[in-house]
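> Here's a sequence, model it:
(chains A and B)
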Number of protein chains: 2
Amino acid sequence: MARTGRRPGTGDTAANILAAARVRFARVGYAAGTIRSIAAEAGVDPALVLHYFGSKAGLFRAAVDFPVDPAVFVPQLLAPGLDGLGGRLVHFFLETWDSPSGRPLLALIRSVVASDEAAALLREFVSREVLGRLARALRVDRPQLRASLAASTLIGMAMLRYVIKVEPLATARSDAVAGWLGPAVQRYLTDPEVTSRSR
Amino acid sequence: MARTGRRPGTGDTAANILAAARVRFARVGYAAGTIRSIAAEAGVDPALVLHYFGSKAGLFRAAVDFPVDPAVFVPQLLAPGLDGLGGRLVHFFLETWDSPSGRPLLALIRSVVASDEAAALLREFVSREVLGRLARALRVDRPQLRASLAASTLIGMAMLRYVIKVEPLATARSDAVAGWLGPAVQRYLTDPEVTSRSR
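Numbering: from 1, shown residues only, chains lettered A, B, ... in the order given. Purely as a prediction, here's the structure:
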């Protein structure tokens, strides 16, 4: 809309690159989904992909349409230490979802549930960019398991609060929800007992 | 297939009644969605609705396509007492999902995410038949909140395990998952501290 100075048709080019990226990342994963292969699929020069999206990570994030950058928010949440991390994570997730920048999240859930390709793309993104990053920073045993249990808590709350809209979760304040879920997420992320029991 | 002895066309009648029930229950809720109003919308006699579905509760469950009967499984899970209820609930949910009778659950999640009407129908069903039933039996403070927190845990696990398919949750044994989630669900259902803190 306010994007002046662009030649007509460049919006289509970016959209074509994104469409090609979605297909490649979903099919072959992040590592094998090279800028070169995506550019070839979109019929453009690889330099143009970098011009639009800065880097492969930027293209990946744009392809998923994830509203916040895990390279920024994961270190921010971890900075004060492990104490209270669960509550901070829940609070950040809900605040993001409730903000204007969180609007793509409902569309993201819809596309993931409707399409195996979108599910593969999100799986790759969440495992790599969010859970992987969190897991590497945690320095606990079975970090990938712990991070995915935390993620299941957040997605479950999103389903009940924003999709199915069950009360009192649908209208509760985000800090109340953080108080309810925070200790569970904290336990998943840090409690030694989580990984010592299988039943 | 093996349903012999039915006149041709009765399958359509049942399908019409179900379609009318889905619309009515989603729009006006369970209480106001009378057998009479649903029969009128389907253009059939109310007696025919009872002939096919036994009762309004049976019609409701068929409309939602919920694979198990909360009137049966909620008392069964509660029978041994509150101890270990969280783990039993998780285990039962996963065993149902993994069994042939759980096959409609993925379709149910898909329709709920895609359609506000399906979401309203499931909200009404889950609040009333599952959470309401569980909440009445619990004899704890804020039972509806507690039951909905437990439900968010189960739905979140279903999203990561069956829809997005994140490892290690996607291929973990159901009793391992019950071991990880059980204590969180138990806390939601019974811990006095859950409702005493808001942050």
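> For chain A, which segments are assigned as helices?
Under the criterion DSSP state H, chain A contains helices at A:10-32, A:35-42, A:46-53, A:56-64, A:70-78, A:85-98, A:104-114, A:116-125, A:132-138, A:143-158, A:174-190, A:192-196.
> Pick the most buried one from those.
The highest mean neighbour count among the helices of chain A, using mean count of other CB atoms under 10 Å in any protein chain shown, belongs to helix A:143-158: a mean of 24. For every residue, glycine as well, the C-beta is placed using N, CA and C.
> What confidence value was assigned to the residue of chain A found nearest chain B?
Per CB to the nearest CB, A:Gly156 is where chain A lies closest to chain B, at 2.2 Å. In the prediction, the pLDDT value recorded for A:Gly156 is 95.
> quick one, what contacts it?
With contacts defined as CB atoms under 8 Å, 6 or more residues apart in numbering or on different chains, A:Gly156 is in contact with B:Ala151, B:Ser152, B:Thr153, B:Leu154, B:Ile155, B:Gly156, B:Met157, B:Met159.
> can you tell me which two in the residues you listed are farthest apart?
Using CB to CB, the pair of the contacts of A:Gly156 lying farthest apart is B:Ala151 and B:Met159, separated by 12.5 Å.
> Which parts of chain A belong to which domain?
Following automatic domain parsing, chain A resolves into domains at A:10-64, A:70-192.
> show me what contacts the nearest residue to A:Gly87 once chain neighbours are set aside?
Nearest non-adjacent residue to A:Gly87, counting by CB to CB, 6 or more residues apart in numbering or on different chains: A:Gly182, 3.1 Å away. Contacts were defined as CB under 8 Å, 6+ apart; by that measure A:Gly182 touches A:Gly84, A:Gly86, A:Gly87, A:Arg88, A:Leu89, A:Val90, A:His91.
> cool, A:Ile109 as well?
Contacts of A:Ile109 were listed using CB under 8 Å, 6+ apart, and they are A:Ile155, A:Ala158, A:Met159, A:Val163, B:Val113.
> okay, the residues you listed in CSV with distance to A:Arg139 next?
What follows is the contacts of A:Ile109, written out as CSV (distance: CB to CB, whole Å):
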residue, distance to A:Arg139
A:Ile155, 25
A:Ala158, 28
A:Met159, 30
A:Val163, 34
B:Val113, 36
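> ok, those residues vs A:Tyr30, which is closest?
Proximity of the contacts of A:Ile109 to A:Tyr30 was ranked by CB to CB; the top entry is A:Ile155 with 20.4 Å.
> Check the gap between the closest one and A:Tyr162 for me.
Here A:Ile155 is placed at a distance of 11 Å from A:Tyr162 (CB to CB, to the nearest Å).
> What of A:Val140?
As for A:Val140, its distance to A:Tyr162 is 30 Å (criterion: CB to CB).
> now swap in A:Gln76 and tell me
Taken as CB to CB, the span from A:Gln76 to A:Tyr162 is 23 Å.
> What of A:Val130?
Distance from A:Val130 to A:Tyr162, counting by CB to CB: 18 Å.
> remind me which residues of chain A are low pLDDT?
Low-confidence regions of chain A, defined by pLDDT under 70, span residues A:1-11, A:197-199.
> Try it again at 80.
Regions of chain A meeting the criterion pLDDT under 80 cover residues A:1-11, A:26, A:29, A:103-104, A:114-115, A:117-118, A:197-199.
> and the spatially closest residue to A:Leu131 that is not a sequence neighbour, what does it touch?
Using CB to CB, 6+ apart and skipping the chain neighbours, the partner closest in space to A:Leu131 is A:Ala147 (3.9 Å). Counting by CB under 8 Å, 6+ apart, A:Ala147 makes contact with A:Val130, A:Leu131, A:Gly132, A:Leu134, A:Ala135, A:Leu138, A:Leu189.
> Quick check: A:Phe92 touching A:Leu78?
No: in this structure, A:Phe92 sits apart from A:Leu78 without contact. The criterion is CB atoms under 8 Å, and the distance is 11.3 Å.
> Now do the same contact list for A:Tyr52.
For A:Tyr52, the set of contacting residues under the criterion of CB under 8 Å, 6+ apart consists of A:Thr13, A:Ala14, A:Ile17, A:Leu59.
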